[in-house]
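# What would the 3D arrangement of this be:
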Amino acid sequence: MNKLTKTQKLKIYFHEPPYIIGEMFLLGGVVMIFAGLILLEPKCLGSFIFISLAVFFLDRKIKTMKRGCLVLENGHKTIARVISITNTSLEHNSRVVKEYNFRYEADGKSFLTEYRSAYKRYLRVGYKVTLYYLPGNPKCVFIPEFYGLSDWK
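Numbering: from 1, shown residues only. Okay, here's the model as predicted:
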């Protein structure tokens, strides 16, 4: 069983959008709290909004990193193929977010999974990726290529 290194875990963490926005909100919230305490200003309530947003973004990134660790360290490897690509109504940095649908086989059964991104423009119908899934829950998947770990074995 392979173990992810700290560097690989950080790659997963920092490849999950919104990249560093959560960290920026956390830093801004902490600075606002300390500035309010130093200046004895009760106006530092905005810091709680910043910290709440930071918790929201960071929680998502941490969950993705934990899922990646779990699936890559304990999962089985298979090949998934893009079977369809559709535009969503979402945008990210003025780019349309696309939904990529994949089909893969696990334990002799066929499964579908989706991945949304505004940046994976190289994906086309028929494109193959290496996908890892948990043997006890084949719907719990992770595609290392999308998180900067294309060399994961």
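# surely Thr130 meets Val141?
No: the criterion here is C-beta atoms under 8 Å, and Thr130 misses it with Val141 at 10.8 Å. For the C-beta atoms, the positions are set from N, CA and C on the backbone; glycine is no exception.
# Give me the domain ranges for this structure.
Under the assignment automatic domain parsing, the domains of the chain span 6-72, 75-147.
# Val97 versus the residue lying closest to Gly148 once chain neighbours are set aside, what's the distance?
Counting by C-beta to C-beta, 6 or more residues apart in numbering, Lys11 is the residue found nearest to Gly148 once chain neighbours are left out, at 4.1 Å. Distance, Lys11 to Val97, by C-beta to C-beta, to the nearest Å: 22 Å.
# what's the answer for His15, then?
Counting by C-beta to C-beta - His15 and Val97 are separated by 16 Å.
# Ser84 too?
In terms of C-beta to C-beta, Ser84 sits 15 Å off from Val97.
# more neighbours, the two?
Comparing Ser84 with Val97 by other C-beta atoms under 10 Å, the one with more neighbours is Val97, at 15 against 12.
# you'd agree the more buried one is up against Tyr115?
No: using C-beta under 8 Å, Val97 is not in contact with Tyr115, being 10.5 Å away.
# okay, and the common contacts of Thr130 and Val141?
Common contact partners of Thr130 and Val141 (C-beta atoms under 8 Å, 6 or more residues apart in numbering): Ala80.
# of those two, who's got more company?
Val141 (21 against 17).
# where's the closest residue to that one other than its chain neighbours, which helix or strand?
Setting aside the residues directly before and after it, Val141 is nearest to Tyr133 in space (C-beta to C-beta, 6+ apart), at 4.7 Å. Using DSSP states H and E, Tyr133 sits in strand 128-134.
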